[in-house]
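Engineer: I'd like to go over a predicted model; first the sequence, then the structure.
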Amino acid sequence: MTAYTALRLLPWLSPEGKPCFLAPGDGNGVVSRLADETEVRQLTEGLDVLRSARRLLDDPVSPNAEVRYTAIRLTECLADVLRVAESRGRRLPATDDDSDALPT
């Protein structure tokens, strides 16, 4: 598949915990718009959790339970953000110059 016909990785998982994909279209369909809105919401939530985590971790007497809860939320948000990044990266057009590619 080319970068232009690749399936879009959606920003949610199936009930079985597997990735969900969308066949390419014009990007204006209901599912595409829902995915776009979900990505924005996930990124915004990640930023909010990061700000809260910084405040909590700046306080040296923060209770262990709050620190643990914050770590759990941070890992959830990180998983969401990584899925968004992967999805958006898959939709970038392929280039002939692979010199910027990360080593595998």
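Structural biologist: Cool, got the structure. Computed from a prediction, not measured in an experiment: that's the story for all the values here. Numbering: from 1, shown residues only.

Engineer: remind me which residues of this protein are low pLDDT?
Structural biologist: Per-residue confidence for the chain (pLDDT under 70) gives these ranges: 1-5, 96-104.

Engineer: where do the helices sit along it?
Structural biologist: Assigned helices in the chain, in chain order: 30-58, 64-90 (criterion: DSSP state H).

Engineer: Any chance of JSON lines for these, columns distance to residue 19 and mean neighbour count?
Structural biologist: Backbone N, C-alpha and C define where each C-beta goes, glycine included. As requested, those are exported to JSON lines (distance: least, CB to CB, whole Å; neighbours: other CB atoms under 10 Å):
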{"stretch": "helix 30-58", "distance to residue 19": "12", "mean neighbour count": "14"}
{"stretch": "helix 64-90", "distance to residue 19": "8", "mean neighbour count": "14"}
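
Engineer: Any chance of CSV for these, columns distance to residue 8?
Structural biologist: Rendered in CSV, the data for the helices of the chain read as follows (distance: least, CB to CB, whole Å):
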stretch, distance to residue 8
helix 30-58, 7
helix 64-90, 6
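
Engineer: Indicate which one of those helices is closest to residue 6.
Structural biologist: helix 64-90 (5.4 Å; CB to CB).

Engineer: quick one: the closest one to helix 30-58, angle?
Structural biologist: In this structure, helix 64-90 runs at an angle of 140 degrees to helix 30-58, with axes from the mean of the first three to the mean of the last three CA atoms, to 10 degrees as the basis.

Engineer: Correct me if wrong: residue 43 contacts residue 84.
Structural biologist: Yes: with contacts defined as CB atoms under 8 Å, residue 43 counts as touching residue 84 at a distance of 6.4 Å.

Engineer: what about the closest residue to residue 8 other than its chain neighbours, distance to residue 42?
Structural biologist: Once flanking residues are discounted, residue 8 sits nearest to residue 22: 4.4 Å by CB to CB, 6 or more residues apart in numbering. Applying CB to CB, to the nearest Å, the value for residue 22 to residue 42 is 16 Å.

Engineer: how about residue 7, phi and psi?
Structural biologist: Listed backbone geometry of residue 7 is phi -70, psi 140, with angles given as degrees, to the nearest 10.
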